[in-house]
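Peer 1: heads up, no residue letters with this:
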């Protein structure tokens with residue numbers, strides 16, 4: 001189940017804040033490593049450029065995490081709906097369909113033939129309700 005937009009925005013904001021705090025910590029490490037330990041004096045343009053690059057990287061990382069949070073589940077009954085497969089065998093109004101490498105019992109309101117491509121519309125226990133895949 002996908003998360004709500006409000007929840008996603010909150011998670012995104014918290015992640016961005018955390019990543020920004022990490023960037024500040026990186027700046028301290030930058031200072032301690034280069035200026036204190038190695039004795040290098042970095043100019044402000046270099047510090048600003050490095051900070052901008054790290055900020056863009058952190059923003060992109062936060063966007064990727066938010067996208068992953070909104071992804072539909074790939075398992076369980078919810079993950080089966082919309083899944084595509086092929087009719088493996090036909091017996092009256094009872095079908096065996098192959099979806100993601102597994103054979104499932106299926107029912108359909110329309111007549112299907114072996115080898116036809118199907119899409120899962122609903123899950124009833126261990127039986128799938130399928131329909132012909134429109135191309």
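Peer 2: Looks like it came in fine. Since we're looking at a predicted model, the values are computed, not measured.
Peer 1: For the rest of this, base every contact and every neighbour count on C-alpha atoms.
Peer 2: Fine.
Peer 1: buried stuff in stretch 55-72?
Peer 2: Judged by neighbour count using 16 or more other CA atoms under 10 Å, the buried positions of stretch 55-72 are 55, 58-59, 62, 66, 69.
Peer 1: Let me know the closest of the residues you listed to residue 102.
Peer 2: residue 69 (26.8 Å; CA to CA).
Peer 1: helices and strands around the strand or helix carrying residue 28, which ones?
Peer 2: Using DSSP states H and E, residue 28 sits in helix 5-30. Packing partners of helix 5-30 (3 or more CA pairs under 8 Å, 6 or more residues apart in numbering; DSSP states H and E): helix 44-69.
Peer 1: what's the distance between the helix it packs on and the middle of its chain?
Peer 2: How far helix 44-69 lies from its chain's middle: 20 Å, per CA atoms, centre = their mean, to the nearest Å.
Peer 1: tell me what that helix is packed against?
Peer 2: Going by 3+ CA pairs under 8 Å, 6+ apart, helix 44-69 lies up against helix 5-30.
Peer 1: distance between stretch 95-105 and the chain's centre?
Peer 2: Distance, centroid of stretch 95-105 to centroid of chain: 25 Å (CA atoms, centre = their mean).
Peer 1: quick one: buried residues of it?
Peer 2: Those would be 95-99, 103-104, for stretch 95-105 by 16+ other CA under 10 Å.
Peer 1: Point out where this protein drops to low pLDDT.
Peer 2: Within the chain, the stretches with pLDDT under 70 are 1-4, 23, 26-27, 30, 42, 72-74, 135.
Peer 1: Domain-wise, how is it divided?
Peer 2: Using automatic domain parsing, the domain ranges for the chain come out as 5-69, 76-132.
Peer 1: so the closest residue to residue 114 other than its chain neighbours bridges to which residues?
Peer 2: Nearest non-adjacent residue to residue 114, counting by CA to CA, 6 or more residues apart in numbering: residue 87, 4.9 Å away. Beta bridges link residue 87 to residue 97, judged by DSSP bridges.
Peer 1: correct me, but residue 87 touches residue 117?
Peer 2: Yes. Contact criterion CA atoms under 8 Å: residue 87 and residue 117 qualify, at 6.5 Å.
Peer 1: That concludes my questions; thank you for your assistance.
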